[in-house]
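Student: Give me the fold of what follows.
(2 chains)
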Number of protein chains: 2
Amino acid sequence: MDEQAMRRCIERKRDGATLSAQEWDDIISAFMDDDVSEAQMAALCMACVWRGMSFDEAYALTRAMVESGQTIAFDVEHGIVVDKHSSGGVSDIVSLVAVPLAAACGARVAKLSGRALGHTGGTIDKLETIPGFNVALPIESFVKQVQQIGCAIAAQTQALVPADKRIYHLRDRTATVPSMGLIAASIVSKKIAGGAHAFVFDVKTGPGAMMQQPPQARELAQWLVEIAARFERRATAFVTDMSQPLGRCVGTGIEVVEAREFLRGNGDARAEELVLSIAGALVGEGGFDEPDALVREALSSGRAYEKFCEMIAAQGGDVAALEKMQPGAPLEVCAPQSGYLTAMDVVRLGNAGRALSAEDSLGGIEVAVRIGDYVEAGAPLVRAFGRDAHAAQPLAHAFTLSQAPVQAPPLLYDALCNAVVVKSRLAHADPAL
Amino acid sequence: MDEQAMRRCIERKRDGATLSAQEWDDIISAFMDDDVSEAQMAALCMACVWRGMSFDEAYALTRAMVESGQTIAFDVEHGIVVDKHSSGGVSDIVSLVAVPLAAACGARVAKLSGRALGHTGGTIDKLETIPGFNVALPIESFVKQVQQIGCAIAAQTQALVPADKRIYHLRDRTATVPSMGLIAASIVSKKIAGGAHAFVFDVKTGPGAMMQQPPQARELAQWLVEIAARFERRATAFVTDMSQPLGRCVGTGIEVVEAREFLRGNGDARAEELVLSIAGALVGEGGFDEPDALVREALSSGRAYEKFCEMIAAQGGDVAALEKMQPGAPLEVCAPQSGYLTAMDVVRLGNAGRALSAEDSLGGIEVAVRIGDYVEAGAPLVRAFGRDAHAAQPLAHAFTLSQAPVQAPPLLYDALCNAVVVKSRLAHADPAL
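Tutor: Here you go, the predicted model:
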């Protein structure tokens, strides 16, 4: 595709037409070959934000992006491999704990993770606080570890879906992120290239999430399972709350400590509810019956914690050091008055956790309250850790206290599954595929 | 303005907000300083196509673009200077003839012209076919010539409105041309920088024009006179037909020949109707009473032709050579059947004229028929000139003949004037301006 042909594609998308699979293929190839400029791609992305995309277009774009780089392959004869994705949250410890938990049940979990983005944390940044832990696994080592111990968590490599990296960076600068089709293609392309046979998506919603309203989040969840279905991949998508941090701790190392304690049986009840659901879905997608019972048993027996330590050791991490990780004495941020907690500024809490942990790997914050709680004046709202803990004092303003009681928000809004669709597609699948 | 600030501007425009004058100023400065990338500017332009712009925004953008380069100044004490712009047509000989015609009436006309764009011709390309004619007048020579003989036609220099050049090129590649605000800012910024005190705009409409529908063209005409008014410049805008070529000839040198014959009293009736209107508006805006009578007299007396020759000589053109310019023997393209001419493919005729004149400065086509004419089978539709004249044979398909008679389309759809607005603005003008 040359500049003229790309201009015609932009024109048609601008005027509300849909582009063909061949056109999306050609656009991505030409963009990666620098035959299509960033300016043309930015204009096309804005036209997509304006006019939307069809499922067919998003699928075609996803496939073209997958084909822009290497892909990982897992031999399905050794068992189904599952992967998990979160759209980004604060105190989102799910990956750290659900991956070894599902593996402890026999599932094989190949998790490719990202770094922190905006106010939300990144699993890779968290794992790097464990001395020796190697996030940059070569593809062969990643595959081998999943076969041998049932799980691995590695950083996305540049070799997988390079088109997504370039386009995402461009969309970020050009304010063209909010398009369901573009977002879904970005997420699903990385999962497909990662080689798993089934996925579990966690789409966050609320003031701390990209999809602030539950209907938006539900729509994205539909896009994710629908596009996965077109690749003949089973997928479950949860729509979950991000009006407050999921767990208690916000930071990097401090979230690893929370994950460790969770797996030792000292988990926060709210975080546990979601972890069990997601781990259950991973185990279920992995082909096991009665996944919820398996997951509960793996957690209470301590086998999940053993799997966590095994994974860390397999990736070079120092388990003895992990067991000693402990933040220092906290500095408390207290409630200036009494009242019912009606809201938290999750973005501000996320940013505070990121800032404190950037200075000190065990720095961060622990949120002592939940929406709906009655808080007495002078009671702690936040415990801040790390060298700059005093900088957390203004976080008292991140909490809204009111005299009228409020209900705690739901945690799970919805769960969607494409299993039936994939099954019917597979039954009628084109033998050439 | 840095990348982050520009992203916020794109976001706001994407979400339907209007940007402030200060923001438009900062965007253009930063773009010219390469602090804002072409990708960001392309995304902003697409958001403008989507969300539209307010008059205030278009005015602010126009002013920021004017300030990106040099400007020409004419001392109003020596008389009002007028300028004329066409949105682009086929066989659009108006500038070639109306400029000397208005000057012959005493008006001072400082015309900055562009080159051919797409299927439409460019006055500069046409004038360059006159041996010796210099289109690249330095600003001082341009100003001096207007003072001395009353008119000059020169190519837009790189020094005027460099921001428009860069942005227009970007919009062309990224399919972000069709925004009233962006189009109006592009047109008016060049006129303001050109220094004239009053403008006459000719907005074409029809299948051969950028604004295909008359209501669109009328809307652009309104934008042009409104933005000119904000600069305290009087302006008249005509909305005129481009469902067929304006004159008879399409090419470069061949249009100069048609202009020469027009000024010698052998003009096409349809072209003459528009030329007299536009020249009349130039003379009227130039401060003369009874402009239409002045224009008719200047044409019939031969003084307009004398002014044409004087302008050509002043810009180094060889008038004797001009008088000898004559295309060779034509090759006729004839009607395959009889019928009423209901439509012409103006884009195709324009492209054919450009192609033939690119090979041979006196190459091109002469269109022998008008919409509404009854054409006998075998009668000429087109006479083709130049080395590749045989390539014009398929042009027979550019004409639609039907058995039912059709009415000739109107030539003048509308005329808008901002005189009252400017007068009231001037009366209440901020003394600081």
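Student: ends of stretch A:286-302, how far apart?
Tutor: 21 Å (CA to CA, to the nearest Å).
Student: Let me see the residues that make contact with that stretch.
Tutor: A:79-82, A:101-102, A:104-109, A:198, A:263-265, A:276, A:279-284, A:303-304, A:307 (CB atoms under 8 Å, 6 or more residues apart in numbering or on different chains). Every C-beta, even on glycine, is put in place using the N, C-alpha and C of the backbone.
Student: For chain A, which residues are neighbours of chain B?
Tutor: Within chain A, the positions near chain B by CB under 8 Å from any CB of the partner chain are A:3, A:7-8, A:10-11, A:14, A:37-43, A:45-47, A:49-50, A:170, A:172-176.
Student: mind showing which ranges of the stretch 301-433 of chain A have poor pLDDT?
Tutor: By pLDDT under 70, the low-scoring segments of the stretch 301-433 of chain A are A:420-433.
Student: Closest residue of it to chain B?
Tutor: A:Asn351 (15.3 Å; CB to the nearest CB).
Student: which ones are touching that residue?
Tutor: Applying CB under 8 Å, 6+ apart, the residues near A:Asn351 are A:His119.
Student: now do the one 4 residues further on
Tutor: Contact analysis of A:Ala355 by CB under 8 Å, 6+ apart lists A:Asp388, A:Ala391.
Student: can you give me the strands in the stretch 51-200 of chain A?
Tutor: A:81-86, A:108-113, A:151-155, A:198-205 (DSSP state E, counting those that start in this stretch).
Student: Tabulate those (a markdown table), appending mean pLDDT.
Tutor: A markdown table is the format used below for these (pLDDT from 0 to 100):
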| stretch | mean pLDDT |
| --- | --- |
| strand A:81-86 | 96 |
| strand A:108-113 | 94 |
| strand A:151-155 | 95 |
| strand A:198-205 | 97 |
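Student: Distance-wise, check A:Val382 relative to B:Val94.
Tutor: 73 Å (CB to CB, to the nearest Å).
Student: A:Leu381 too?
Tutor: Distance from A:Leu381 to B:Val94, by CB to CB: 74 Å.
Student: higher neighbour count, those two?
Tutor: The residue with more neighbours, out of A:Leu381 and B:Val94, is B:Val94; 27 against 23, by other CB atoms under 10 Å in any protein chain shown.
Student: Tell me the confidence at that one?
Tutor: B:Val94 carries a pLDDT value of 96.
Student: ok, it - contacts?
Tutor: Here B:Val94 is in contact with B:Lys84, B:Ser86, B:Asp202, B:Leu246, B:Ala271, B:Leu274, B:Val275, B:Ile278 (CB under 8 Å, 6+ apart).
Student: And these, which two are furthest apart?
Tutor: Across those, the longest distance by CB to CB is 15.0 Å; it joins B:Lys84 and B:Ala271.
Student: ok, these two, which is more surrounded?
Tutor: For B:Lys84 and B:Ala271, the more surrounded residue by other CB under 10 Å is B:Lys84, and the numbers stand at 29 against 23.
Student: Isn't that one up against B:Ser95?
Tutor: Yes. Here B:Lys84 reaches B:Ser95: they are 6.2 Å apart, a contact under CB atoms under 8 Å.
Student: intersection of neighbour lists for these two?
Tutor: Joint contacts of B:Lys84 and B:Ser95 (CB under 8 Å, 6+ apart) are B:Lys111.
Student: Could you give the backbone dihedrals for A:Pro336?
Tutor: Backbone geometry at A:Pro336, expressed as degrees, to the nearest 10, gives phi -70, psi -20.
Student: again, but for A:Ile312
Tutor: phi -60, psi -50.
Student: Isn't it up against A:Ile130?
Tutor: Yes. A:Ile312 lies in contact with A:Ile130 (CB under 8 Å); the separation is 6.0 Å.
Student: residues shared between the contacts of these two?
Tutor: A:Leu322.
Student: residue nearest the centroid of chain A?
Tutor: Centroid-nearest residue in chain A, with CA atoms, centre = their mean: A:Ser86, separated by 2.0 Å.
Student: where's the nearest residue to that one once chain neighbours are set aside relative to B:Asp83, distance?
Tutor: Excluding its sequence neighbours, the residue lying closest to A:Ser86 (CB to CB, 6 or more residues apart in numbering or on different chains) is A:Asp202, at 4.3 Å. Distance check for A:Asp202 against B:Asp83: by CB to CB, it reads 62 Å.
Student: Between those two, which is the more surrounded one?
Tutor: B:Asp83 (29 against 26).
Student: For A:Ala380, what are phi and psi?
Tutor: Not Ala; residue A:380 is Pro. phi -70, psi 140.
Student: In contact with it, which residues are there?
Tutor: A:Glu332, A:Val333, A:Cys334, A:Ala335, A:Ala368.
Student: so it bridges to which residues?
Tutor: A:Cys334 (DSSP bridges).
Student: which residue packs closest to A:Val382, ignoring adjacent ones?
Tutor: A:Val333 (4.2 Å).
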